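>>> Got a sequence here, can you model it:
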Amino acid sequence: MGEPSTVHGLLKSVTLRPVQGAPAVEAELWDGTGHVNVVFLGRRRIPGITPGRHLVLHGRPIMRNGQLTMMNPRYELLAAQTD
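Down below sits the predicted model:
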């Protein structure tokens, strides 16, 4: 934990949840084995960060409120998956 990591998966949820009075987008990413909370501070909305979207995150995971979390990670939106 705390080492630079890359995680890819599916966004299960995306919500606007202020952190200490500042806007923040919070999301849950599922990688097939577990989930990572993702927090983007200072944002109310991020185009493309929507439930059901696949993406890759690059950042340093930390434990926040007992949950694995990445704060302000770099991200890559992946092309929409088709069945």
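>>> what sits against the nearest residue to Q67 once chain neighbours are set aside?
Nearest residue to Q67, sequence neighbours excluded (C-beta to C-beta, 6 or more residues apart in numbering): N37, at 5.1 Å. (Each C-beta comes from the backbone N, C-alpha and C, glycine too.) Counting by C-beta atoms under 8 Å, 6 or more residues apart in numbering, N37 touches E26, A27, E28, L29, R64, Q67, L68, T69, M70.
>>> which residues does the residue nearest to the spatial centre of the chain form a beta bridge with?
The residue lying closest to the centre of the chain (C-alpha atoms, centre = their mean) is V38, at 3.0 Å. Counting by DSSP bridges, V38 forms beta bridges with A27, M70.
>>> Is it in contact with E26, as I believe?
Yes - between V38 and E26 there is a contact under C-beta atoms under 8 Å: 7.0 Å.
>>> Just give me the longest strand of the protein.
Using DSSP state E to define each element, the chain has its longest strand at strand 5-16.
>>> Pairing partners for that strand, with directions?
Applying DSSP bridges, strand 5-16 is found paired with strand 24-30 (antiparallel), strand 54-59 (antiparallel).
>>> highest average neighbour count across these?
Most buried of these, by mean neighbour count (mean count of other C-beta atoms under 10 Å): strand 24-30, with a mean of 19.
>>> can you give me how far that strand is from the chain middle?
Taking C-alpha atoms, centre = their mean, to the nearest Å, the mean C-alpha location of strand 24-30 is offset from the chain mean by 4 Å.
>>> can you check stretch 14-32 too?
With C-alpha atoms, centre = their mean, you get 7 Å for stretch 14-32.
>>> got it, and stretch 39-47?
10 Å.
>>> End to end on that stretch, go ahead and measure it.
Terminal residues of stretch 39-47 lie 15 Å apart, using C-alpha to C-alpha, to the nearest Å.
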